[in-house]
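*Asks:* I need the structure of the sequence given here:
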Amino acid sequence: MRVEVYYNLHKHVFSVRHKGRVIAHTNVVAIENPEYVVRQSGRKRVLQEGRKNVHAFVRGDMLDHDNMHHDFITYNLSIVGDRVTYNPHKFKSFVYKDSEKPIHKSEWALLAKSDDSPPQIFSYK
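*Replies:* Numbers count the residues shown, from 1 in each chain. Model prediction:
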């Protein structure tokens, strides 16, 4: 299922959107063939108004939770991937956290949030 996933600042979980409608909230989601999307018009509004809005998300095919463990083993996704981040005040796109080089696509992505840590995005080639 093709989805868009973003971090929900009010609920402190990831929101999963399908065809423009939020269908789930979750702490963990795995995405196949992700695109890291930043809508520049929304980013511009954040910079001008100082108010956050949903303008950045990861779009791709969501892995079924029943098959997620199997897919992670099959594709060696249990290893830690490259960290990805986005900050509208610093970057125009999602970037690799270590190098700050832009990332637009990868083979897989894992978005995860535990109770005691900030949300994290891992990219897998």
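*Asks:* dump the residue contacts of V3.
*Replies:* 16-18, 23, 31, 59-62 (CB atoms under 8 Å, 6 or more residues apart in numbering). From N, CA and C alone the C-beta is placed, and that goes for glycine too.
*Asks:* give me the element the residue nearest the centre of the chain is part of.
*Replies:* In the chain, the C-alpha nearest the mean C-alpha coordinate belongs to V58, at 4.2 Å (CA atoms, centre = their mean). Using DSSP states H and E, V58 falls within strand 56-62.
*Asks:* I'd like to know which elements that strand is packed against.
*Replies:* When contacts are defined as 3 or more CB pairs under 8 Å, 6 or more residues apart in numbering; DSSP states H and E, strand 56-62 packs onto strand 2-8, strand 28-38, strand 108-112.
*Asks:* What strands flank it, and is each parallel or antiparallel?
*Replies:* In the sheet, strand 56-62 lines up against strand 2-8 (antiparallel), strand 28-38 (antiparallel) (DSSP bridges).
*Asks:* Taking their axis directions, that strand and strand 108-112 sit at what angle?
*Replies:* 120 degrees (axes from the mean of the first three to the mean of the last three CA atoms, to 10 degrees).
*Asks:* Just the residues contacting strand 56-62, thanks.
*Replies:* By CB under 8 Å, 6+ apart, the residues outside strand 56-62 that reach it are 1-6, 16-17, 29-39, 42-43, 86, 88, 94, 109, 111, 121.
*Asks:* May I see the buried residues of it?
*Replies:* Going by neighbour count (16 or more other CB atoms under 10 Å), the buried part of strand 56-62 is 56-60, 62.
*Asks:* Pick the one among those residues closest to E100.
*Replies:* Checking the buried residues of strand 56-62 against E100 by CB to CB gives A56 as the nearest, at 15.7 Å.
*Asks:* residues contacting L110?
*Replies:* 28-31, 77, 81, 121-122, 124.
*Asks:* swap that for V16, please
*Replies:* Per CB under 8 Å, 6+ apart, neighbours of V16: 3-5, 22-26, 29, 62.
*Asks:* Save those residues as JSON lines, and put in distance to K101 and pLDDT too.
*Replies:* Putting the contacts of V16 into JSON lines (distance: CB to CB, whole Å; pLDDT from 0 to 100) gives the following:
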{"residue": "V3", "distance to K101": "25", "pLDDT": "98"}
{"residue": "E4", "distance to K101": "23", "pLDDT": "98"}
{"residue": "V5", "distance to K101": "22", "pLDDT": "98"}
{"residue": "V22", "distance to K101": "31", "pLDDT": "97"}
{"residue": "I23", "distance to K101": "32", "pLDDT": "97"}
{"residue": "A24", "distance to K101": "31", "pLDDT": "96"}
{"residue": "H25", "distance to K101": "31", "pLDDT": "96"}
{"residue": "T26", "distance to K101": "28", "pLDDT": "94"}
{"residue": "V29", "distance to K101": "24", "pLDDT": "93"}
{"residue": "M62", "distance to K101": "26", "pLDDT": "95"}
